[in-house]
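1. build me a structure from this.
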Amino acid sequence: MATKKDITRGLTPLIVGLLIIIVVVVAVPSALQLVGKASGITSNLVFNYEGVLGKMPQPWRNLGQGGEEPKEMLAPVVDAVKALRPEYIRLDHIYDAFNVVSRAEGGLAFNWTGLDSAVDTILATGAKPFLSLSYMPAAIGVGDMISAAKDWGEWGQVVQATIEHYSGRSQKNIDGVIYEVWNEPDLFGGFKTYGDKNYLDMYNASARAAARVRGTNLFEIGGPATTGLYQNWLERLIKYADANNLRMDFVSWHRYSYDLEQYEKDAKQARKWAENIPALVNLKFYVTEWGHDSEIDKGYDGKFGAIHTLAGARAMMGAIDRAFLFEVKDGPGVEKYWGRWGLLTHEKFGPPEKKPRYYALQFLNGLGPYRLSVAGEGSWVKSIASTDDSGNMKIMIVNYDSKGSHSEAVPMTFENLPKGNFKITRTDFMGSSRTLNVATTSATWKTSEFFSPNTAAMFTVEF
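-> Numbering: from 1, shown residues only. Prediction:
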């Protein structure tokens, strides 16, 4: 009687080979799938000349300046900032840095001189002020500048006076000022959405103060500018504002992350929390500070920070209404380049110098006013396509890898081209340019371009 071992020994080489093939056929696709998930997806970009999506969203045209010094900081860099064409510049520390509030006989007194100087400088850049209502004036607080108010009614008086001063038609008369209730309340002050030190009390007093103002230009108010997108903050605040019939024009949070998918996840999650509240159907979404690292990091002085900025701007397009890149100018460190967040160095070391992130914003501003559809983006390679009033195309492609190792040959397909003869110029970010003259009888044209790790280029197609 033959045993199992005898039968196995008797298998022909052909049968053994067939078994091996079966194993390979079954196993390889699964293995490849795992490899693909681990490594990511390469790009295969397709640009449709006729796929106009509308006006180009430009969330990157918003900047923030932190309280690096207790004074107006931007005067030395007005011309450089103006060249970036910012729409808004955000300031925090507006009360403590400029000593706005004091107590006088009969109530509160206000001295706007220092803050007016800072706001006037913002206006000189062509931007409008975005004022983070922070921190607690000593005259009304129970402790230091991150304490709660002794009386939230007095905090409301401060907020009302601020809005009337800057938005009031009989005072500074600025249209479109944005007011944000505090800055990082979860960090600066340890506020929560419950208990004795409750941010909801602060927001309630602020929103009711905004409702009392009269004779003002249009303005916005919102918050909470937390250090990240947290459900116990955003969802509770949204529901609280709805339940108490409080004005809320926007919700805001900060995001420092090397992972660009996090920016997209944030926007989707925030919209999900608000979508079932009809009263907030027009709610806007602002990231009022962003960058790759919340701590001092050498990447802010070099090209890495710039590439992150280009890719981050793409990640937030169409999802975030405004994204405030932090920050405009370094504080006065011990040396000119010290990993601070500024786009520009401090004048302590001579005329402020532009860092690569400054040039990244200029690069983005080079896009046309109308957005074109892009298909085939990958895990690392992202793109923004545009056209202008002359019908020419401007296409930004960025290859971002937080690990700095991924390079890619990027296939590019142009569809529905209006002419067969055109000129395409590749201009590398902070690099050289090269031009190719193309003649084709087809409305579709294909090419491929190589991108080293953490590089970007602008392609100009002239017909």
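2. remind me what the helix or strand where V410 lies packs against, helices and strands.
-> V410 belongs to strand 408-415 when assigned by DSSP states H and E. Other helices and strands packing on strand 408-415, by 3 or more CB pairs under 8 Å, 6 or more residues apart in numbering; DSSP states H and E, are strand 45-55, strand 393-399, strand 445-451. Quick note: C-beta positions are derived from backbone N, CA and C, even for glycine.
3. one more pass at 7 Å, please.
-> strand 45-55, strand 445-451 (3 or more CB pairs under 7 Å, 6 or more residues apart in numbering; DSSP states H and E).
4. got JSON lines for those strands, with distance to S257 too?
-> Listed next are these as JSON lines, based on distance: least, CB to CB, whole Å:
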{"stretch": "strand 45-55", "distance to S257": "25"}
{"stretch": "strand 445-451", "distance to S257": "22"}
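5. out of those strands, the one nearest K394 is which?
-> Closest approach to K394 among the helices and strands packed on strand 408-415 (CB to CB): strand 45-55, 10.8 Å.
6. what does the helix or strand that the closest one is followed by contact?
-> Downstream of strand 45-55, the first helix or strand assigned by DSSP H and E is strand 62-65. Contacts to strand 62-65, defined as CB atoms under 7 Å, 6 or more residues apart in numbering, come from residues 73-74, 86-91, 288-289, 322-329.
7. and stretch 74-83, by the same measure?
-> Under CB under 7 Å, 6+ apart, the answer for stretch 74-83 is Q65, T121, I122, A124, T125, G126, V328, K329, L344, E347, P352, K354.
8. same thing with stretch 388-398?
-> Applying CB under 7 Å, 6+ apart, the contact partners of stretch 388-398 are 47, 49, 307, 310-311, 314, 363-364, 366-369, 381-387, 410, 418, 451, 456-463.
9. now that stretch: mean pLDDT?
-> The predicted model gives stretch 388-398 an average pLDDT of 97.
10. element containing the nearest residue to I277 once chain neighbours are set aside?
-> Closest residue to I277 apart from its sequence neighbours, by CB to CB, 6 or more residues apart in numbering: D242 at 4.9 Å. Using DSSP H and E, D242 sits within helix 231-243.
11. related to what we said a few turns ago, just the contacts of stretch 74-83: which are in strands?
-> Applying DSSP state E to those, the entries found in strands are Q65.
12. which one of the contacts of stretch 74-83 is nearest Q58?
-> Checking the contacts of stretch 74-83 one by one against Q58 (CB to CB), the nearest turns out to be G126, at 14.0 Å.
13. distance of the closest one relative to S379?
-> 37 Å (CB to CB, to the nearest Å).
14. is the residue nearest to I277 in contact with P278, as I believe?
-> No. Taking contacts as CB atoms under 7 Å, D242 lies outside contact range of P278: 8.8 Å.
15. these two: which is more packed in?
-> Between D242 and P278, counted using other CB atoms under 10 Å, D242 has the larger neighbour count: 16 against 7.
16. give the contact list for that one.
-> I277, A279, L280.
17. buried stuff in the strand holding V410?
-> Neighbour-count burial for strand 408-415 flags E408, V410, M412, T413, F414, E415 (criterion: 16 or more other CB atoms under 10 Å).
18. what's near enough to touch the first one?
-> The contact partners of E408, taken as CB under 7 Å, 6+ apart, are T42, S43, W380, V381, N399, F451.
19. what's the pLDDT at the closest residue to A148 other than its chain neighbours?
-> Leaving aside its chain neighbours, A148 sits nearest to K197 (5.3 Å; criterion: CB to CB, 6+ apart). On pLDDT, K197 comes in at 97.
20. K197: how many residues sit nearby?
-> With neighbours defined by other CB under 10 Å, the count for K197 comes to 16.
21. how near is it to L234?
-> K197 sits 18 Å away from L234, going by CB to CB.
22. low-confidence stretches in the stretch 301-450 of the chain?
-> By pLDDT under 70, the stretch 301-450 of the chain has no low-scoring segment.
23. what about the strands in it?
-> Assigned by DSSP state E, counting those that start in this stretch, the stretch 301-450 of the chain shows strands spanning 322-326, 370-375, 381-387, 393-399, 408-415, 421-428, 433-439, 445-451.
24. please identify the deepest-packed of those.
-> Neighbour counts (mean count of other CB atoms under 10 Å) averaged over each of those peak at strand 322-326, with a mean of 26.
25. what pairs with the spatially most central residue of the chain across the strands?
-> The centroid of the chain falls nearest to A323 when counting by CA atoms, centre = their mean (3.5 Å). Beta-bridge pairing of A323 under DSSP bridges involves V287.
26. which residues sit in contact with it?
-> For A323, the contacting residues are P59, W60, N62, V287, W290, M316, by CB under 7 Å, 6+ apart.
27. how about N198?
-> F191, K192.
28. equivalent analysis for the one 4 residues further on, please.
-> Applying CB under 7 Å, 6+ apart, one finds that M202 lies in contact with W152, W155, V181, W182.
29. how about it, phi and psi?
-> As for M202, its main-chain torsions (degrees, to the nearest 10) stand at phi -60, psi -50.
30. cool, and K71?
-> Backbone torsions of K71, given as degrees, to the nearest 10, read phi -160, psi 170.
31. let me see the confidence value for it.
-> At K71, the pLDDT value in this model is 95.
32. re the thing from before, so which of the contacts of stretch 74-83 is the closest to G141?
-> Q65 (23.4 Å).
33. for ChimeraX, write the select line for the buried members of the contacts of D242.
-> Here is the ChimeraX command that picks out the buried ones among the contacts of D242, judged by 16+ other CB under 10 Å:
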select :280
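34. which of the contacts of D242 lies closest to F98?
-> The closest of these, once distances to F98 are taken by CB to CB, is L280, at 32.4 Å.
35. mind checking how far that closest one is from R208?
-> Distance check for L280 against R208: by CB to CB, it reads 17 Å.
36. ok, W338 next?
-> According to CB to CB, W338 and R208 sit 43 Å apart.
37. quick check: buried residues in the host helix or strand of Y203?
-> Element membership of Y203, judged by DSSP H and E, is helix 199-212. For helix 199-212, the neighbour count (16+ other CB under 10 Å) marks Y199, L200, D201, M202, Y203, N204, A205, S206, A207, R208, A209, A210 as buried.
38. so which of these comes closest to Y258?
-> For the buried residues of helix 199-212, the nearest to Y258 is Y199 (28.3 Å; CB to CB).
39. what's the nearest residue to the closest one if we skip its chain neighbours?
-> Leaving aside its sequence neighbours, Y199 sits nearest to F191 (CB to CB, 6+ apart; 4.2 Å).
40. just to check, that neighbour is in contact with K197?
-> Yes. F191 is in contact with K197 according to CB under 7 Å; the separation is 5.4 Å.
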